[in-house]
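**Q** Just the structure for this:
(chains A, B, C and D)
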Protein chains: 2
Amino acid sequence: MPIRLSLVEDDHLIREAFTDLLNNTEDFLVVSSYSNCEDYLRNLATDRPDVVLMDLELPRMGGVEGIERTKKLRPQTQLIVVTVYENDELVFKALCAGAGGYLTKNMPPSRLIEAIREIRQGGAPMSTNIARMVVASFQKNHHSPLTARETEVLERIAQGKSYTTIADELFVDKETIRTHIKNIYWKLEVHSKAEAIEKARKERLI
Amino acid sequence: MPIRLSLVEDDHLIREAFTDLLNNTEDFLVVSSYSNCEDYLRNLATDRPDVVLMDLELPRMGGVEGIERTKKLRPQTQLIVVTVYENDELVFKALCAGAGGYLTKNMPPSRLIEAIREIRQGGAPMSTNIARMVVASFQKNHHSPLTARETEVLERIAQGKSYTTIADELFVDKETIRTHIKNIYWKLEVHSKAEAIEKARKERLI
DNA sequence: ACCATAATCCCCTATTTTGGGTGAATGAAA
DNA sequence: TTTCATTCACCCAAAATAGGGGATTATGGT
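**A** All right, here's what the predicted structure looks like:
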């Protein structure tokens, strides 16, 4: 049984080039290709693709929403984003929405074929830069204004813990935690938990 | 100038096999290899490796701590984990600690060479399964007991926001948020924000 | 038509938490 | 020596929280 593929890509030249390439690959079958998400989603149930190659810049409904809806309608569908964008926010939105791979368009055509086989074998094909961004997202900023202790406290705040709980966990008095929090707020120039967590997450302090 | 490599691996057969392989590769120079983190860290400043291949299962100090200390002592050092473990927790701990790649030992030797070139070119070499785990970590559980609205509320709770703030953001009354929270607590069988956040994160409900 | 669920809102109570202010002792590092 | 990190203390008032009770509306499915 061939691997069923759908394409969603608004540039018809690329769409046709990909279709040709993939249809001439052993075991691959392009069952459909669309220039927009709406048409694609309408036919998802009848197309029954194993893997979808999705662009993100699309008219009306964007690719990220397209990914989300795909996963709701047909969770077993695997999606690979194929786009020119390598902007942080968009990459993570696409992955959170359910993309299983992310390729940028400056790749050799062979990479596309490789990626489809990779995702079917339990992998997560990504372009070099994307993989780096993804891994970097786990790592902390090494130029944090916060001390080790303050970071420890803020991490626990971000876990929703109360001052009292944190104090117990760190074997210090509640007043000590309060002092740390005051210093954290002063350093981050914020005045509440929510602001502190937001800023700390954004700057990868925690 | 060749790429300077250090190895940290307690099995001396593997260590020597890797050393041979890499020293016979164009542009690569294995400057040192150790069977434990302590010796490795002591010589880090004089070895000045560009890339370190690190095992995780090591006597005394573990690989994760070794990664952390490496990044503190010499932040420009790039580390690739080479191990048999593909346990969730260990993988994420290693990446959080600063690993820039993660390979499992069931790979062809050529993959090692490829990985070193990849990390030098701004990538993040990972084995198939690891890449999948990493990407999956961004995605939500599709069998959440929570409704869409409850999830929205819990996400904001996890951002440290107060009921009042959340109510304003969702254009509903504070009492509505309180009801949602009560239902969330009942469904997750918890009795506080901290417990709810912990459980929800663990089960990827948010 | 009926029932379950989701989403909305209201009231009451008691305790805890939070943010802000001010001050201070200790010890380690620069 | 002087800064910095960490620790603790006491005051205050406002806000937030958890738990209990109950209610209405709308929607989807059987």
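
**Q** Please count neighbours and contacts with C-alpha atoms only from this point.
**A** Noted.

**Q** Show me the shaky parts of chain A.
**A** Along chain A, no part satisfies pLDDT under 70.

**Q** who in it is up against DNA strand C?
**A** A:160-165, A:179, A:181-182, A:185, A:191-194 (C-alpha under 7 Å from any atom of the strand).

**Q** which ones are touching the residue of chain A found nearest DNA strand C?
**A** Proximity of chain A to DNA strand C (C-alpha to the nearest atom of the strand) peaks at residue A:192, 3.2 Å away. Neighbour list for residue A:192: residue A:185 [criterion: C-alpha atoms under 8 Å, 6 or more residues apart in numbering or on different chains].

**Q** mind checking how far it is from residue A:154?
**A** Computed with C-alpha to C-alpha, to the nearest Å, the distance linking residue A:192 and residue A:154 is 12 Å.

**Q** Neighbours of the residue of chain A found nearest DNA strand D, how many?
**A** Ranked by C-alpha to the nearest atom of the strand, the top residue of chain A for proximity to DNA strand D is residue A:172, at 3.2 Å. For residue A:172, the neighbour count with other C-alpha atoms under 10 Å in any protein chain shown is 12.

**Q** Give me the buried stretch members for the longest helix along chain A, please.
**A** What stands out as the longest helix in chain A, according to DSSP state H, is helix A:174-188. Neighbour-count burial for helix A:174-188 flags A:174, A:177, A:180, A:181, A:182, A:184, A:185, A:188 (criterion: 16 or more other C-alpha atoms under 10 Å in any protein chain shown).

**Q** Okay, and residue A:156 sits in which element?
**A** helix A:148-157 (DSSP states H and E).

**Q** what's the answer for residue A:131, then?
**A** Per DSSP H and E: residue A:131 is located in helix A:128-136.

**Q** Does chain B have contacts with that helix?
**A** Yes: shown here: helix A:128-136 in contact with chain B (C-alpha under 8 Å from any C-alpha of the partner chain) through A:128, A:129, A:130, A:131, A:132, A:134, A:135, A:136.

**Q** most surrounded residue in these?
**A** Each of these was scored by neighbours using other C-alpha under 10 Å; the highest score is residue A:131's, at 26 neighbours.

**Q** Just name whatever secondary elements the helix holding residue A:156 is in contact with.
**A** Judged by 3 or more C-alpha pairs under 8 Å, 6 or more residues apart in numbering or on different chains; DSSP states H and E, the packing partners of helix A:148-157 are helix A:163-169, helix A:174-188, helix A:193-202.

**Q** For it, give me every contacting residue.
**A** Under C-alpha under 8 Å, 6+ apart, the answer for helix A:148-157 is A:163, A:166, A:177, A:180, A:181, A:184, A:193, A:197, A:205, A:206, B:160.

**Q** who touches the closest residue in space to the last one that isn't next to it in sequence in this structure?
**A** Nearest residue to residue B:160 in three dimensions, chain neighbours excluded: residue A:194, at 4.3 Å (C-alpha to C-alpha, 6 or more residues apart in numbering or on different chains). The neighbourhood of residue A:194, defined by C-alpha under 8 Å, 6+ apart, consists of B:159, B:160, B:161.

**Q** If you rank those residues by neighbours, which is first?
**A** residue B:160 (24 neighbours).

**Q** Look up how far residue A:16 lies from that one.
**A** Residue B:160 is 48 Å from residue A:16, by C-alpha to C-alpha.

**Q** related to what we said a few turns ago, does the longest helix of chain A reach DNA strand D?
**A** Yes: counting by C-alpha under 7 Å from any atom of the strand, contacts between helix A:174-188 and DNA strand D involve A:174, A:175, A:176, A:177, A:179, A:180.

**Q** which residue sits closest to the last one in space, ignoring its chain neighbours?
**A** Okay, so that is residue A:180. According to C-alpha to C-alpha, 6+ apart, the nearest residue to residue A:180 is residue A:150 (5.9 Å).

**Q** what about the one you found, distance to residue A:82?
**A** In terms of C-alpha to C-alpha, residue A:150 sits 41 Å off from residue A:82.

**Q** more crowded one of the two?
**A** residue A:82 (25 against 18).

**Q** Please enumerate the helices of chain A.
**A** A:12-23, A:37-42, A:44-47, A:63-73, A:88-97, A:109-120, A:128-136, A:148-157, A:163-169, A:174-188, A:193-202.

**Q** ok, the residues of helix A:128-136 next to chain B vs residue B:110, which is closest?
**A** Nearest to residue B:110 out of the residues of helix A:128-136 next to chain B is residue A:128 (C-alpha to C-alpha; 17.7 Å).

**Q** Is it correct that the closest one is in contact with residue B:120?
**A** No: counting by C-alpha atoms under 8 Å, residue A:128 stays clear of residue B:120, with 10.6 Å between them.
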